[in-house]
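>>> Predicted coordinates and the sequence they were generated for:
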Number of protein chains: 2
Amino acid sequence: MIKRVKTIFAILLVALASSLLCSQSFAADKVYRLKLAHSWPTDFPIFGDAIKNMADMAEKMSNGRIKIRIDSKNKHKAPFGIFDFVKSGQYDMGHSGSYYWKGKVPNTLFFTSMPFGMTAEEQYAWFYYGGGFELMQKVYAPHNIVSFPGGNTGNQMGGWFRKEIKSIDDLKGLKMRIPGFAGEILAKVGAKPTNIPAGELFTALEKGTIDALEWVGPSLDLRMGFHKIAPYYYTGWHEPGSELQFMVNKKKWDSFPDDIREILRVAMRAAAYDMYAQSYHESAENWAKMKTEYPNIKVKTFPQAVLQAMKDANDELISEMAKKDPLAKEIIESQQAYLKKVRAWTKISDQSYYESMEKLK
Amino acid sequence: MIKRVKTIFAILLVALASSLLCSQSFAADKVYRLKLAHSWPTDFPIFGDAIKNMADMAEKMSNGRIKIRIDSKNKHKAPFGIFDFVKSGQYDMGHSGSYYWKGKVPNTLFFTSMPFGMTAEEQYAWFYYGGGFELMQKVYAPHNIVSFPGGNTGNQMGGWFRKEIKSIDDLKGLKMRIPGFAGEILAKVGAKPTNIPAGELFTALEKGTIDALEWVGPSLDLRMGFHKIAPYYYTGWHEPGSELQFMVNKKKWDSFPDDIREILRVAMRAAAYDMYAQSYHESAENWAKMKTEYPNIKVKTFPQAVLQAMKDANDELISEMAKKDPLAKEIIESQQAYLKKVRAWTKISDQSYYESMEKLK
């Protein structure tokens, strides 16, 4: 009997020692099954590609330990519910646009793109080396969310108009689909901005519910057919570098081991940058296609007086926001100081270069 | 005796079973110790940061399974030996500039930046969505190297000159430090280009060994003191978006398990993009500093006739290269077609935006 007990004890001891030796490895094999909800339809191009790119990189880099289930708005039915999903933990992650939450948390407005603001390359410099990322966390942390850049569309076009805009008077009473802060600017100069879901835009324009609209740019506009009704296509002023957004539930984020958190951080960061390159590529391709296949589109830039009136309205609205809230003030001052400094460099580098090259044979 | 054998047998069986169960985990714990050689001095800013950023991300994401030893040129003494180090496997990885190898493998020239070519954002679109990356591998694979973008400096300044360049005649006989393809262009228009190591540049300029030089831009130029001797600082034309380079020994690369390879791929990619944002930031900061602390610097753009003469020389040289080699022809045609398409988009998006914004109050 004692011998048998000894034997069993010895066997257990070996088993215990073996399992201790590889316990750390077993822990490393834990699978993190995460759910991500996004604001876009299933298989939405570019935006959807960025999400898949991120999930693929995370799964491969973690050797299958991170598995992200991606739910489109077709599944969860709440394209503008992503903030609440992630805050509550109903979803672990989200992909959307920060300025969609401005009705709920006004300071989220500043992290997509600001009218008359920074372009993508300027804004990335601000996000990662000029304090932007830290300010973003200040806004999101109280809501149990960690927020990251989620992919840049590049400079957005100013929209499709039935008639040419020759002066600020042409904007008065104009019914235009234009969301976000740019909509507030248009209201201030006398237009009637509304927001209409993507699927109803063409019909609204056709029926005259709206006279004009802005969507994204050639990369995503042509398939919508707007040019058939509203052939004046204006260059941009209102979203010079729109950055989408990845969100992670903060409690979940803090619970990850260091390697899993770093894999997710880097996968989101690389996927966001990649989307900017993809947007640039798709815009170039579709712009070329537009010039050859849609010769009736009239490309215009708003007259300087119209832009100035919108800029004045912008400055007034921004300064009202800064007065109301200290954190808004901090963000606005950071962005304005950075824009001034970074644009001076852009002027002497890329801008000067483009202008010189344009004149060469 | 039989009982004791049975007992030992049982113990061994349990030990074997336990170890089999976690054998896969043990394999996953293998540490990959890689050696990287780069072309820069120890602790070189921005370029060196990109390498450290990559190595840190790889180590953290792999939970310590990837450890990269970084050797600067101070250690290995061969700043222009990186290509051979990585090809032979003496080092597993490298960080340098692709155009440094043009004397050895002429087609490596095309993957840093081309005079009159694409800016960083245009070039990333070409690399990752326009076929550039695949062409790069075509050039490097026969040399047992996998090559990746390694960080962008942004648009480089055209250099420091003792006197103003008013016409192409002012370039004739001018002794200028300017490496790479831009040097060949200057030779064709009558200048005398040379290459001089960074450490000797100031003395060479002071002693009149050279009359002018180009280095990088405000992010790295000011500390060199060139402005004290050559106060004319010209905007860029010759390196509109210089991309550095990560290299990996191909045999080593192919031997990695999938997760290790993906971690390295994504870490290099994110570090390269990050360096572009950091360069943009540092350029903006140092440009602002320059304007306040160095009021004697005279910022100029080359007269259009000078640029045109250099462009004509560029076009001739490029067309000679295309005639000599089918792969050169393929790369040149890919770049030229892409540049035409992507610049048309840049003109209507960022360029048009910068021009409109500049005129606003």
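Done, it's in. Numbers count the residues shown, from 1 in each chain, chains lettered A, B, ... in the order given.
>>> and the end-to-end length of stretch A:96-103?
Using CA to CA, to the nearest Å, the end-to-end distance of stretch A:96-103 comes out at 15 Å.
>>> List the buried residues for it?
A:96-102 (16 or more other CB atoms under 10 Å in any protein chain shown). C-betas here are computed from N, CA, C, even on glycine.
>>> cool, stretch A:58-68 as well?
Buried residues in stretch A:58-68 (16+ other CB under 10 Å): A:58-63, A:65-66, A:68.
>>> sorry, back to before: distance to residue B:222, pLDDT and secondary structure for the buried residues of stretch A:96-103 - can I get that in TSV?
Converted to TSV, those look like this (distance: CB to CB, whole Å; pLDDT from 0 to 100; DSSP: H, G, I helix; E, B strand; the rest coil):
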residue	distance to residue B:222	pLDDT	secondary structure
A:96	42	96	strand
A:97	39	95	coil
A:98	36	96	helix
A:99	38	92	helix
A:100	42	92	helix
A:101	42	94	helix
A:102	41	91	coil
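>>> wait, doesn't residue A:263 sit right on residue A:56?
No - with contact defined as CB atoms under 8 Å, residue A:263 does not reach residue A:56; the gap is 12.0 Å.
>>> Send me stretch A:276-285 as CSV with only the CA atoms.
Taking Å, rounded to 0.1, in the frame of the first residue of the first chain, the C-alpha atoms of stretch A:276-285 are listed here in CSV:
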residue,chain,number,x,y,z
TYR,A,276,-4.3,56.1,-46.6
ALA,A,277,-2.1,54.6,-49.4
GLN,A,278,-5.0,52.6,-50.7
SER,A,279,-7.3,55.7,-50.7
TYR,A,280,-4.7,57.7,-52.6
HIS,A,281,-4.4,54.9,-55.1
GLU,A,282,-8.1,54.4,-55.6
SER,A,283,-8.6,58.2,-55.9
ALA,A,284,-5.9,58.4,-58.6
GLU,A,285,-7.4,55.4,-60.5
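>>> Which residues are in contact with residue A:289?
A:218, A:222 (CB atoms under 8 Å, 6 or more residues apart in numbering or on different chains).
>>> averaged over its residues, what pLDDT does the helix or strand harbouring it have?
Element membership for residue A:289 (DSSP states H and E) is helix A:258-293. Mean per-residue pLDDT for helix A:258-293: 97.
>>> downstream neighbour of that helix in the secondary structure list?
Scanning onward from helix A:258-293 (DSSP H and E), the first element met is strand A:298-300.
>>> partners of that next one, with directions?
strand A:232-234 (parallel) (DSSP bridges).
>>> Please, where are all the strands along the stretch 51-200 of chain A?
A:66-71, A:93-96, A:145-152, A:159-161, A:175-177, A:192-194 (DSSP state E, counting those that start in this stretch).
>>> what's the average pLDDT for the last one?
In this model, strand A:192-194 has a mean pLDDT of 93.
>>> Low-confidence regions, chain A specifically.
The model of chain A has pLDDT under 70 over residues A:1-28.
>>> in which helix or strand would I find the residue nearest the centre of it?
The centre of chain A sits closest to residue A:244, judged by CA atoms, centre = their mean, with a distance of 0.8 Å. Element membership of residue A:244 [criterion: DSSP H and E] is strand A:243-249.
>>> How far off centre is that strand?
8 Å (CA atoms, centre = their mean, to the nearest Å).
>>> what does stretch A:324-340 give?
Worked out by CA atoms, centre = their mean, stretch A:324-340 lies 20 Å from the chain centre.
>>> What are the buried residues along it?
For stretch A:324-340, using 16+ other CB under 10 Å, the buried residues are A:328, A:331-332, A:334-335, A:338-339.
>>> Of those residues, which belong to strands?
With DSSP state E as the criterion, strands contain none of the buried residues of stretch A:324-340.
>>> Of those residues, which fall within the contact range of chain B?
residue A:338 (CB under 8 Å from any CB of the partner chain).
>>> From the buried residues of stretch A:324-340, pick the one nearest chain B.
Set against chain B, the nearest of the buried residues of stretch A:324-340 by CB to the nearest CB is residue A:338 (7.9 Å).
>>> you'd agree that closest one is up against residue A:114?
No - at 11.3 Å, residue A:338 does not count as touching residue A:114 under the criterion of CB under 8 Å.
>>> Quick check on residue A:173: phi, psi?
Dihedral pair for residue A:173: phi 80, psi 0, per degrees, to the nearest 10.
>>> Compute the number of surrounding residues for it.
By other CB atoms under 10 Å in any protein chain shown, the residues close to residue A:173 number 10.
>>> you'd agree it is up against residue A:189?
No - the pair residue A:173 / residue A:189 is not scored as a contact, 11.0 Å apart, by CB under 8 Å.
>>> Three-state assignment for residue A:311, please.
helix (DSSP: H, G, I helix; E, B strand; the rest coil).
>>> quick one on the thing from earlier: take the buried residues of stretch A:324-340 and keep only those in helices.
A:328, A:331-332, A:334-335, A:338-339 (DSSP state H).
>>> Mind listing what's buried along the helix holding residue A:289?
Quick answer for helix A:258-293 (16+ other CB under 10 Å): A:259-288, A:290.
>>> Equivalent analysis for stretch A:192-205, please.
Counting neighbours by 16+ other CB under 10 Å, one finds that the buried residues in stretch A:192-205 are A:193, A:196, A:201, A:204-205.
>>> which of these are close to chain B?
Within the buried residues of stretch A:192-205, nothing lies near chain B by CB under 8 Å from any CB.
>>> Of those residues, which is the nearest to residue B:212?
residue A:193 (53.8 Å; CB to CB).
>>> which residues touch the closest residue in space to that closest one that isn't next to it in sequence?
Spatial nearest neighbour of residue A:193, excluding adjacent residues (CB to CB, 6 or more residues apart in numbering or on different chains): residue A:183 at 3.6 Å. Residue A:183 makes contact with A:193-195, according to CB under 8 Å, 6+ apart.
>>> For residue A:183, give its distance to chain B.
19 Å (CB to the nearest CB, to the nearest Å).
>>> With residue A:47 instead?
15 Å.
>>> likewise residue A:59?
Taken as CB to the nearest CB, the span from residue A:59 to chain B is 9 Å.
>>> cool, and residue A:209?
Residue A:209 is 28 Å from chain B, where distance means CB to the nearest CB.
>>> In space, what's closest to that residue - neighbours in sequence excluded?
Nearest one to residue A:209, counting by CB to CB, 6+ apart, is residue A:175 at 7.0 Å.
>>> try residue A:49
Nearest to residue A:49 is residue A:278, by CB to CB, 6+ apart, at 6.5 Å.
>>> can you pull the contacts of that neighbour?
A:46, A:49-50, B:125, B:128-129.
>>> repeat for residue A:96
Applying CB under 8 Å, 6+ apart, the residues contacting residue A:96 are A:38-39, A:79-80, A:82-83, A:150, A:244-245, A:247.
>>> can you put these in CSV and add distance to residue A:219?
Shown next, in CSV, are the contacts of residue A:96 (distance: CB to CB, whole Å):
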residue, distance to residue A:219
A:38, 18
A:39, 17
A:79, 20
A:80, 23
A:82, 22
A:83, 26
A:150, 16
A:244, 14
A:245, 19
A:247, 24
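>>> ok, which pair from the residues you listed is furthest apart?
A:80 and A:150 (15.5 Å).
>>> The two: which has the busier surroundings?
residue A:150 (26 against 15).
>>> Could you give me the buried positions within stretch A:353-361?
So, applying 16+ other CB under 10 Å, buried residues of stretch A:353-361: A:353-357.
>>> let me redo that: stretch A:177-196
A:177-186, A:188-189, A:191, A:193, A:196.
>>> Span of it from start to end?
6 Å.
>>> ok, back up a step: who wins for proximity to residue B:239 among the strands of the stretch 51-200 of chain A?
strand A:145-152 (23.9 Å).
>>> Distance-wise, check residue A:76 relative to chain B.
Applying CB to the nearest CB to residue A:76 and chain B gives a distance of 28 Å.
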